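Peer 1: curious how this folds, go ahead:
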Amino acid sequence: MGFFNKLFSREKKESLDQGLQKTKENFFSRIGRAIAGKSTVDAEVLDELEEALVGADVGVDTTVRIIKRIEDRVSKDKYLNTSELNRILQEEVAALLVDAPESGYRDFEVPEGKKPYVIMVVGVNGVGKTTTIGKLAYNFKKAGKSVLLGAADTFRAAAVDQLTIWSDRVGVPIVKQQMGSDPAAVAFDTVQSGVARNADVIIIDTAGRLHNKLHLMEELSKIKRVMNKVIPDAPHEVLLVLDGSTGQNALEQARQFTAATEVSALAITKLDGTAKGGVVLAIANQFKIPVKYIGVGEKMEDLQVFDKVEFVDSLFSLNS
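Peer 2: Numbers count the residues shown, from 1 in each chain. Okay, the predicted model is just below:
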């Protein structure tokens, strides 16, 4: 790794450490209280640890799983010290996180043999979906990829306008139509244009309403069908954007969208402004869908490709 790559990696890690600071402080203050004054990991410590994890928005199901795995380890060593609990927790948390399906996926690379690589972005309004798309476009372009945006959220005029602003800011082209146009028609035109332009990456925005799940399912299915007419295996990725600061509400949104369409990857935003980052663990555990991107700040570089090793290291690094 060259000097500039090392410098970038260090800056990325520092940004991650800072972005998770509130979650870390919440997480460890609760765990610290749970094991204060204890010399061994006994039933009382496990009960208090369970309460601390639930309080950190890790979720009940995920907490139960973590506690059970720790109980199994404690049963093998009756004299397990509480000083070892941090290391064991770190190992168990890392085990919950699902790796991205593409081996070697890092730093806004795309899989070989898929050009253009089509990403369909879903998520409710207000989670940072449009901003995430803009930051994705920026980072893909920075990585040397040609990018095309498709404004298929035609339900809200503001959605098209916001995506156009990001298109101008990042300097990538956009395909759009009037508000109220058929979203599938926009998606079709975008994919067709992307093929003609020899684009590397196509990112398509979709409507963020959940009031009628059946309608959403039909709309997303139609968008997929028309893209298939141009690129048979498109979209290659269905990216669900969730607002990490909403805690358990993000879990419910994941439940709704995974029921409506085949979500293949997650982007979790706004982790820098919340102490509820533990919800990343709950979502990853419950849905077995890889977290691919996380938002840990306002800058465009603060949308990071998720690395579970770095994430867990930052979450458990007490000195940063």
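
Peer 1: CA atoms for contacts and neighbours, from now on please.
Peer 2: Noted.

Peer 1: and the strands in the stretch 151-300 of the chain?
Peer 2: 174-175, 201-205, 237-243, 265-269, 291-295 (DSSP state E, counting those that start in this stretch).

Peer 1: could the ones you listed go into TSV alongside mean neighbour count and distance to Asn86?
Peer 2: Formatted as TSV, these follow (neighbours: other Cα atoms under 10 Å; distance: least, Cα to Cα, whole Å):
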stretch	mean neighbour count	distance to Asn86
strand 174-175	22	47
strand 201-205	26	40
strand 237-243	25	27
strand 265-269	25	25
strand 291-295	25	23
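
Peer 1: distance to Asp307 and mean pLDDT added to the ones you listed, as CSV?
Peer 2: Formatted as CSV, the strands of the stretch 151-300 of the chain follow (distance: least, Cα to Cα, whole Å; pLDDT from 0 to 100):
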stretch, distance to Asp307, mean pLDDT
strand 174-175, 30, 98
strand 201-205, 21, 97
strand 237-243, 17, 94
strand 265-269, 12, 92
strand 291-295, 8, 90
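
Peer 1: save the ones you listed as TSV, and put in distance to Ala250 too.
Peer 2: Formatted as TSV, the strands of the stretch 151-300 of the chain follow (distance: least, Cα to Cα, whole Å):
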stretch	distance to Ala250
strand 174-175	29
strand 201-205	19
strand 237-243	6
strand 265-269	9
strand 291-295	13
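
Peer 1: which stretch among those comes nearest Thr82?
Peer 2: With Cα to Cα as the measure, strand 291-295 is the member of the strands of the stretch 151-300 of the chain nearest Thr82 (30.2 Å).

Peer 1: quick one, phi/psi of Asn81?
Peer 2: Main-chain dihedrals, Asn81, degrees, to the nearest 10: phi -90, psi 150.

Peer 1: grab the nearest non-local neighbour of it.
Peer 2: Spatial nearest neighbour of Asn81, excluding adjacent residues (Cα to Cα, 6 or more residues apart in numbering): Thr40 at 4.6 Å.

Peer 1: return the per-residue confidence for that neighbour.
Peer 2: For Thr40, the model assigns a pLDDT of 78.

Peer 1: where's it relative to Glu92, distance?
Peer 2: 19 Å (Cα to Cα, to the nearest Å).

Peer 1: same check on Asp161?
Peer 2: From Asp161 to Glu92 the distance is 44 Å (Cα to Cα).

Peer 1: closest to Ala151 out of the strands of the stretch 151-300 of the chain?
Peer 2: Going by Cα to Cα, the one of the strands of the stretch 151-300 of the chain nearest Ala151 is strand 201-205, 5.4 Å.

Peer 1: Lys135 against Glu301, yeah?
Peer 2: Yes. Between Lys135 and Glu301 there is a contact under Cα atoms under 8 Å: 7.5 Å.

Peer 1: looking at these two, which one has more neighbours?
Peer 2: Lys135 (22 against 18; other Cα atoms under 10 Å).

Peer 1: and for the residue lying closest to that one once chain neighbours are set aside, the neighbour number?
Peer 2: Nearest non-adjacent residue to Lys135, counting by Cα to Cα, 6+ apart: Met300, 5.2 Å away. For Met300, the neighbour count with other Cα under 10 Å is 18.

Peer 1: tell me the bridge partners for the residue nearest the centre of the chain.
Peer 2: Centroid check for the chain by Cα atoms, centre = their mean gives Ala267 as the closest residue, at 2.3 Å. Counting by DSSP bridges, Ala267 forms beta bridges with Val241, Tyr293.

Peer 1: spit out the contact partners of it.
Peer 2: 239-242, 291-295 (Cα atoms under 8 Å, 6 or more residues apart in numbering).

Peer 1: cutoff 10 Å now
Peer 2: Neighbour list for Ala267: 121, 123, 128-129, 132, 239-244, 280, 290-295, 303-306 [criterion: Cα atoms under 10 Å, 6 or more residues apart in numbering].

Peer 1: also Glu25?
Peer 2: Per Cα under 10 Å, 6+ apart, neighbours of Glu25: 31, 56, 275, 315-316, 318.

Peer 1: same question for Pro183.
Peer 2: 150-155, 176-177, 189, 204-207, 219-220, 222-223.

Peer 1: low pLDDT regions in the stretch 201-320 of the chain?
Peer 2: The stretch 201-320 of the chain contains residues with pLDDT under 70 at 210-213, 317-320.

Peer 1: can you give me the helices in it?
Peer 2: 213-228, 248-260, 279-287, 308-315 (DSSP state H, counting those that start in this stretch).
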